[in-house]
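*Asks:* Return atomic coordinates for the entry below.
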Amino acid sequence: MIKTDLGWNSFFEKAFEPYQNEGYQAGRVSLEHKHMYRVLTESGEMLAEISGKMRHLALRREDYPAVGDWVVLTVREEEQRATVHAVLPRQSKFSRKVAGQVTDEQIVATNVNTVFLVTALNQDFNIRRIERYLVLAWESGANPVIVLSKADLCENPEALAAEVEAVAVGVPIHIISAAEQRGLEQLGAYVTSGQTVALLGSSGVGKSTLANHLFGKEILDVGDIRFGDDKGKHTTTHRELIALPGGGILIDTPGMRELQLWDASDGLSTSFQDVEDIAERCFFQDCKHENEPKCAVRMALDEGVLTSDRFQSYLKLQKELAFIARKEDKALQAAEKAKWKKIHQAQKKQHNRI
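*Replies:* Below is the predicted model:
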């Protein structure tokens, strides 16, 4: 397979230059197993593992490969196996905090050009969840596109689309229905040769159906909607990069009911530019928007220019990010300390042998 069909461009070409004359190849991670990776290369599909040196030097999650990454490989063609020695710099990275109490990063997809944020127009429709997805999408460096699916299950799709437009100014919004073959053709324009699109959304919103349409045939299992609550059955169980016949690249992801933020302060500012623009007009620079005089935010709330739900959503996400930043700082300090302890122990053993 030609690398450019997999998304290779001048950015990765330049990053690969130091390895060019050392016998290495570049490949793109299509699937991540527990300790192994499936990698697409010009020599075909390989099963790869990371080198001992890379594992030793890795400090945190982002130092390891993820689906969508371009990696530096030594390839054993006769075995269809490879060893990963390095991850090339990323053009974009969509991350979230792992579910539960642990403060750790989960990289959902990397080197994505466009993120399809898929939301079903049924009982599961949630404008606050869309806001949350937008924050992480903007932070990733990819361009968000909102896809409102299952329009056939909604009496007035345009009314819900207008609600979304109010919180996603300037973001393309597409209303689609696989059952009615509505709006699907417009999405093909984003998945052109060498372009990578990631599908993100809750379980059962229609991501696999959309992937099958873009591929041109049934390549992914499709679940039914559960009776009673409109929630979909979980069909995709892992993140996977799929090369499309037309040259585009698709990354399908499992449904995410719990989407906790991860290091997304810039994404918050972009997503809530309207709130921050109003806050800049406050009389006091450190205004908490509570009881301070000449508070532009309180005035906007009183006048209905800014809704209480949107402002509370902004405050909630802001607090969440501040909490994660504090926890992450402590975790990094502990990891750095453990790393140097390991290095000193290795040096001590080496010295004793001498």
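*Asks:* use CA for all of it now, contacts and neighbours both
*Replies:* Will do.
*Asks:* Tell me the first helix or strand C-terminal of the helix or strand hosting residue 118.
*Replies:* If you go by DSSP states H and E, residue 118 is part of strand 114-120. Next along the chain after strand 114-120, taking DSSP H and E as the criterion, comes helix 127-140.
*Asks:* So what are the sheet partners of the helix or strand just after that next one and their directions?
*Replies:* As assigned by DSSP H and E, the chain's next helix or strand after helix 127-140 is strand 143-149. According to DSSP bridges, strand 143-149 forms sheet pairs with strand 114-120 (parallel), strand 173-175 (parallel).
*Asks:* Distance check, residue 203 against residue 254.
*Replies:* Residue 203 sits 7 Å away from residue 254, going by C-alpha to C-alpha, to the nearest Å.
*Asks:* Give me the more crowded residue out of the two.
*Replies:* Set residue 203 next to residue 254 and count neighbours by other C-alpha atoms under 10 Å: residue 203 wins out with 24 against 21.
*Asks:* Quick check: that one touching residue 252?
*Replies:* No - with contacts counted by C-alpha atoms under 8 Å, residue 203 stays clear of residue 252, the gap being 11.7 Å.
*Asks:* Turn the strands paired with strand 143-149 into JSON lines, including distance to residue 148, mean pLDDT and mean neighbour count.
*Replies:* Rendered in JSON lines, the data for the strands paired with strand 143-149 read as follows (distance: least, C-alpha to C-alpha, whole Å; pLDDT from 0 to 100; neighbours: other C-alpha atoms under 10 Å):
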{"stretch": "strand 114-120", "distance to residue 148": "5", "mean pLDDT": "92", "mean neighbour count": "25"}
{"stretch": "strand 173-175", "distance to residue 148": "5", "mean pLDDT": "96", "mean neighbour count": "20"}
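*Asks:* where does the chain have low pLDDT?
*Replies:* Within the chain, the stretches with pLDDT under 70 are 1, 97-105, 217-237, 255-267, 323-354.
*Asks:* residue ranges for the strands of it, please.
*Replies:* Applying DSSP state E to the chain gives strands spanning 25-32, 37-41, 44-50, 70-76, 81-87, 93-97, 105-110, 114-120, 143-149, 173-175, 196-200, 240-243, 249-252.
*Asks:* closest one to residue 304 among those strands?
*Replies:* strand 173-175 (24.7 Å; C-alpha to C-alpha).
*Asks:* and the angle from the strand holding residue 118 to strand 93-97?
*Replies:* Computed by axes from the mean of the first three to the mean of the last three C-alpha atoms, to 10 degrees, the angle separating strand 114-120 from strand 93-97 equals 50 degrees.
*Asks:* Residues in contact with strand 114-120: which ones?
*Replies:* 125, 130, 133-134, 137, 142-151, 190, 196-202, 205-207 (C-alpha atoms under 8 Å, 6 or more residues apart in numbering).
*Asks:* same thing with stretch 179-188?
*Replies:* The contact list for stretch 179-188, computed with C-alpha under 8 Å, 6+ apart, reads 150, 152, 174-178, 210, 213-214.
*Asks:* I'd like those residues as TSV, with distance to residue 47 appended.
*Replies:* Output for those, formatted as TSV (distance: C-alpha to C-alpha, whole Å):
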residue	distance to residue 47
150	37
152	42
174	37
175	39
176	37
177	37
178	35
210	28
213	28
214	26
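*Asks:* Need the buried ones from these selected in PyMOL.
*Replies:* Selection of buried members from the contacts of stretch 179-188 for PyMOL, criterion 16 or more other C-alpha atoms under 10 Å:
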select buried, resi 150+152+174+175+176+177+178+210+213+214
